[in-house]
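Student: Below: sequence and its predicted model.
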Amino acid sequence: MSGTSTTATVRFASRLLDAGPHTAQHTVLPLTSDEHVVALRRLVREVALSLKLSLVDQTKLVTAASELARNTIKYGGGGEAHVVELDDGFRRGVLLVFADDGPGIADVDLALTDGYTTGGGLGLGLSGARRLVDEFDIDTRAGEGTAVAIAKWKR
Ligand SMILES: Nc1ncnc2c1ncn2[C@@H]1O[C@H](COP(=O)(O)OP(=O)(O)OP(=O)(O)O)[C@@H](O)[C@H]1O
Ligand SMILES: [Mg+2]
């Protein structure tokens, strides 16, 4: 964990971050505006390129990151994105954690149902993101916030 985070959610998300293998690089970006989503997309694309992910996998990761970043802003009231390069000695990958101090998700299974939305969206962001990555985890607490972690490995 970097020492820059102050949100309660990132503290409970630390299990998602610390559970990973040795991390090579850890960057934290703010998420409150569309410009931040653009910056995140750019960084995720760069990291995916440096890992030599296929073009399809690069696009899957950037798409999942966009969806989760937009949820952090829209439903979480803003937060931050952690971009963590992973290297366990055998394989390399990237872990992304989206953390906010918003209202939390009352029913995670429901939120992961295709078509479920409380904000007039398509209800495909969370469920779609899960299908696009290798690992997916949600830690959410009512009234405290939400952290969504995704990871993709170089294959
Ligand atoms: N960070 C979050 N904090 C609180 N609730 C969230 C968060 N992320 C998602 N949710 C809840 O989960 C629901 C489903 O999210 P999902 O991204 O799948 O759909 P959506 O954002 O409503 O529509 P879209 O298809 O446009 O993404 C949201 O409508 C919202 O109720
Ligand atoms: Mg969404």
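Tutor: In hand now; what should we look at? Ligands and ions are numbered 1, 2, ... in the order given.
Student: got the residues of this structure near ligand 2?
Tutor: Taking Cβ under 5 Å from the ion as the criterion, the chain approaches ligand 2 at residues N71, G125. (Glycine included, C-beta is placed from N, CA and C.)
Student: 8 Å instead, please
Tutor: 67-68, 70-71, 74-75, 117, 119, 121-126 (Cβ under 8 Å from the ion).
Student: Return the distance of G76 relative to D134.
Tutor: 24 Å (Cβ to Cβ, to the nearest Å).
Student: how about the nearest residue to whichever residue of the chain sits closest to ligand 2, chain neighbours excluded?
Tutor: Closest to ligand 2 within the chain is G125: 2.6 Å, counting by Cβ to the ion. Nearest residue to G125, sequence neighbours excluded (Cβ to Cβ, 6 or more residues apart in numbering): E67, at 3.8 Å.
Student: phi, psi of that neighbour?
Tutor: phi -60, psi -50 (degrees, to the nearest 10).
Student: For this protein, which helix or strand comes out least confident on mean pLDDT?
Tutor: helix 8-18 (a mean of 60; mean pLDDT, DSSP states H and E).
Student: all strands of this structure, in order?
Tutor: Taking DSSP state E as the criterion, the chain contains strands spanning 23-31, 79-87, 92-100, 135-141, 145-153.
Student: Between G76 and D134, which is the more surrounded one?
Tutor: Neighbours were counted for G76 and for D134 using other Cβ atoms under 10 Å; G76 has more, 28 against 13.
Student: Surely that one is in contact with G102?
Tutor: Yes: here G76 lies in contact with G102, judged by Cβ atoms under 8 Å, at a distance of 3.5 Å.
Student: which neighbours do these two share?
Tutor: Both G76 and G102 are contacted by G145, T146, under the criterion Cβ atoms under 8 Å, 6 or more residues apart in numbering.
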